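[1] coords please:
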Amino acid sequence: MKKNFMITKQSTNFSKSLSNELRYYQGHRGSNDKPENRASGAYIFRPDGNLTFPLDKIAYSALHKGPLVDELHITYEGGWLSQIARVYHGEESIEMEWVVGPIPVDDGVGK
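    Numbers count the residues shown, from 1 in each chain. Now for the predicted structure:
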């Protein structure tokens with residue numbers, strides 16, 4: 001599910017809409033008996049097809065306004081993926097930072 005955000009800087013009348021969608025592939029289970037059947041593992045990620053799955057449940061979000069930068073912090077359900085969107089005062093750009101891991105594998109599915 002896409003998340004839509006509006007970034008507005010009132011001091012310069014700067015306004016930008018931002019659409020954000022984070023998705024993941026499931027890892028190929030494989031059998032390792034032939035090279036074309038190799039499983040996804042520690043050194044190589046092989047997706048199990050082209051289907052992707054959305055990360056759409058936000059567990060935490062907070063807007064932090066500071067003297068130099070404003071930040072939107074988002075952590076997704078499960079806590080293994082978070083992101084920060086930054087807008088520096090006096091600039092007309094957005095900086096995005098993602099943190100991934102540790103990736104849960106207790107369901108037996110690589111991601």
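[2] Which residue is the nearest non-sequential neighbour of His89?
    Leu68 (5.8 Å; C-beta to C-beta, 6 or more residues apart in numbering). For the C-beta atoms, the positions are set from N, CA and C on the backbone; glycine is no exception.
[3] pretty sure the one you found contacts Glu91?
    No. Contact criterion C-beta atoms under 8 Å: Leu68 and Glu91 do not qualify, at 10.2 Å.
[4] More neighbours: which of the two?
    Neighbour tally, Leu68 and Glu91, criterion other C-beta atoms under 10 Å: the higher count belongs to Glu91, 13 against 8.
[5] Give the helix, strand or coil label for the more buried one.
    Following DSSP: H, G, I helix; E, B strand; the rest coil, Glu91 is assigned to coil.
[6] Can you tell me how far it is from Val99?
    Relative to Val99, Glu91 is positioned 23 Å away (C-beta to C-beta, to the nearest Å).
[7] Contact partners for the residue sitting nearest the centre point of the chain?
    In the chain, the centroid-proximal residue (C-alpha atoms, centre = their mean) is Leu22; its distance is 4.6 Å. Counting by C-beta atoms under 8 Å, 6 or more residues apart in numbering, Leu22 touches 54-55, 76, 81, 83, 98.
[8] how close does it get to Gly49?
    For Leu22, the distance to Gly49 - C-beta to C-beta - is 19 Å.
[9] do Thr75 as well
    For Thr75 relative to Gly49 (C-beta to C-beta), the value is 28 Å.
[10] Check Ile84 too.
    Ile84 is 31 Å from Gly49, by C-beta to C-beta.
[11] which of those two has more neighbours?
    In this view Ile84 and Gly49 are compared by other C-beta under 10 Å, and Ile84 has more residues nearby, 15 against 8.
[12] In space, what's closest to the more buried one - neighbours in sequence excluded?
    Using C-beta to C-beta, 6+ apart, the nearest residue to Ile84 is Glu97, at 4.6 Å.
[13] Parallel or antiparallel, list what pairs with the host helix or strand of the one you found.
    If you go by DSSP states H and E, Glu97 is part of strand 95-100. Applying DSSP bridges, strand 95-100 is found paired with strand 81-88 (antiparallel).
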